[in-house]
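# sequence first, then the predicted structure:
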Amino acid sequence: SIAVLDLADPTKTHSEPPRTLSVIRADKHIRCAAEECSGYFDRVTGIDGSSAAVWWRADGQALFFRRRNGWNVPGFGIYEWKVGAPTVRRVFASLDTIDACSARSEQLVCLRQTPSWPRTVISLDLKSGRAATLLDPNPQWRQVQLGQTSWLKWADRDGHETYGVLVRPLDYRPGTKYPMVVIGYATSNALRGDIAGRYPAHLLAAKGFVTLVYSYWRSEERLHEPGFLDSRWDMPLDHVRVPYAQIETAVDLLANSGLVDRERVGIAGHSSGLYPAAYGLIHTNLFKAAAIGWAQWKWNGVYASRTIPLSEAQSPGEPLPLTKEVSIVWNAERVRAPILVHASDYEFEYEEQRVPLGILGRKGLMEMYVLPDEQHVPFHPAHRDAEIRRNTQWFQFWLAGEEDPEPVDVGQYERWRSMRRQHGEN
C-alpha cells in the first residue's frame, strides 16, 4: 500500500497547495472522505533528515497524519484514519511548536517548544494521544520568572483573521497602561520573539512592555499564483496593507481594554516583518519608535523583483507599486518615527543608500549598525548579544523614557538624547 497526498484542487499547484489523503492498494485508489483528510498538511523533518506528514500504523491498516487547523489559524492536529473508513479519529491537538519528529511504531519522538518554555524532547503516544517529556535540557528554566503569555485571535475591519502571542509585563498591574512593542512575524518562535530571535518578547516584558508576536497574514488564494514567492517586491499590496491593518486593530483592541498606551507603541520587524513595519512608518503615526533587523535598502533591490535580472531593473523613475508603499528608501522624507537598524554587511551597500540615510539622519530619525561577516540572520554571538540589548534599550528610551545603567555603547544615550531634541525640532 502507498499513502498519497493528492492535490485537492488542480488549479492550486504553487507553494503550499491544499491536498487530500488517499491510499493506493491493489490497484485501487481509496480516498479519505472525511473533512479532516483535506487541507494543509505539515511536513515534519526528523532528526535523521527524513520528512513526512503521514505515518503508517504498525499493522499497515491505518494512517496517522498531521494537518494544520486552517489558513491564518493557529495550531495543528494529528489524526488516525483507518483505510476505507468514512471518519477519522483526532489523536492530538496543540498550539505549540512541535517539530523534528521521528516515527517509532505507534509513537512519535519530537521536539516541543511553547511561547514560555524552551525545547524539550517528548514522546507522543499515537494510540492514547498522551504526550510525555523524555528530556528537559533546561530544568533551571523553572526558576525564571516570565510575564503571562496568552494566545490572541482577532480580525481587521474587513474580516481578515490572524493570531499572535501576547506577553504581559512581568510586573503587570491591572489598571495600568503599558508601552507596547509589536514583533513580526511568526509565533513558532514566540519564546525568543521574532522568527530570528532578534527582539525577545520576554526580555521586553521584563522591562515593562506589553509585547505581541503576530503571525504574518497571507492570502490563501494569492499564494497559489505562479511565481508569487519569487518576487517579494512585486507581490500584491494586500500582503502589506492587511498585516498592517491587523496590527492597528490589535493595538486598538488592547488600548481599548486598558492594557496598552496607544501613544507609546513600537514596531520590530525582521525580513518579511519589515513590510507592515515600513508601511506604518511611512503612512501612519501609529509607531513612535522602530527597530528593523533587515531592510531591502539597495536601490536595485527596491526596484527589481527577484524574477527580473539586475541589468533590467527599473529606474528610480519607475518604481514598482509595492516600492511606493513600503520602501523607506523611496519614502525617506515621509518617515516620522526614530528607527534603529541592524543590517548585515551581506545586505548593505552604503553608496547606494547614502542619500536616503542622509535624509533620515538629518531629521534625527535613524541609527544604523552594519554587522560584519553576517548573513540574513546574524549568527555571531557577540553581534546577537549587542543587538538584542541595544534593541531593548532603544525601546526603553523612546517609549518609556528610561536609560539603562549599563548601556551597550559608551555615549549612546548622548546620541539618542541629541536625536530626540532634533526629532522634536523637526
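Okay, I see it. Here the structure is a predicted model, which is why all the values come from computation and not from measurement.
# need the strands for the stretch 151-300 of the chain, in chain order.
Listed from the start of the chain, the stretch 151-300 of the chain has strands (DSSP state E, counting those that start in this stretch) covering 161-167, 178-185, 210-215, 260-269, 289-292.
# downstream of the helix or strand of the chain with the lowest mean pLDDT, the next helix or strand is which one?
When each helix and strand of the chain is scored by mean pLDDT, DSSP states H and E, helix 299-303 comes last, with a mean of 41. Toward the C-terminus, helix 299-303 is succeeded by helix 321-326 as the next helix or strand (DSSP states H and E).
# pull out the buried positions in that following helix.
Using 16 or more other Cβ atoms under 10 Å as the test for burial, helix 321-326 gives 322, 323, 325, 326. Where you see a C-beta, it was placed from the backbone N, CA and C, and this is true even at glycine.
# partners of the helix or strand that it is followed by in the sheet?
Proceeding N to C from helix 321-326, the next assigned helix or strand is strand 339-344, under DSSP H and E. When pairing is defined by DSSP bridges, strand 339-344 lines up against strand 289-292 (parallel), strand 366-371 (parallel).
# most packed of those strands?
Between these, the one whose residues have the most neighbours on average, counting mean count of other Cβ atoms under 10 Å, is strand 289-292 (a mean of 26).
# run through who's touching it.
The set of residues that contact strand 289-292 without belonging to it, under Cβ atoms under 8 Å, 6 or more residues apart in numbering, is 199, 266-270, 274, 277-278, 281, 337-342, 391, 394-395, 398-399.
# and it, what's its mean pLDDT?
Strand 289-292 carries an average pLDDT of 95.
# same thing with stretch 363-372?
Confidence over stretch 363-372, taken as the mean pLDDT, stands at 87.
# kindly export that stretch (C-alpha atoms) in CSV.
C-alpha atoms of stretch 363-372 as CSV (Å, rounded to 0.1, in the frame of the first residue of the first chain):
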residue,chain,number,x,y,z
LYS,A,363,15.9,64.5,10.7
GLY,A,364,17.3,62.7,13.8
LEU,A,365,15.4,59.5,12.8
MET,A,366,17.9,56.8,12.3
GLU,A,367,20.8,55.0,13.9
MET,A,368,22.3,52.1,11.9
TYR,A,369,24.8,49.3,12.6
VAL,A,370,26.3,47.2,9.9
LEU,A,371,27.3,43.8,11.2
PRO,A,372,30.4,42.3,9.5
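# who is residue 161 paired with across the strands?
For residue 161, the beta-bridge partners under DSSP bridges are residue 155.
# so that it lines up with my notes, have the first residue be 454 from now on.
Taking 454 as the first residue, the last one we looked at is residue 614.
# what's the local residue count around it?
Residue 614 has 15 neighbouring residues, counting by other Cβ atoms under 10 Å.
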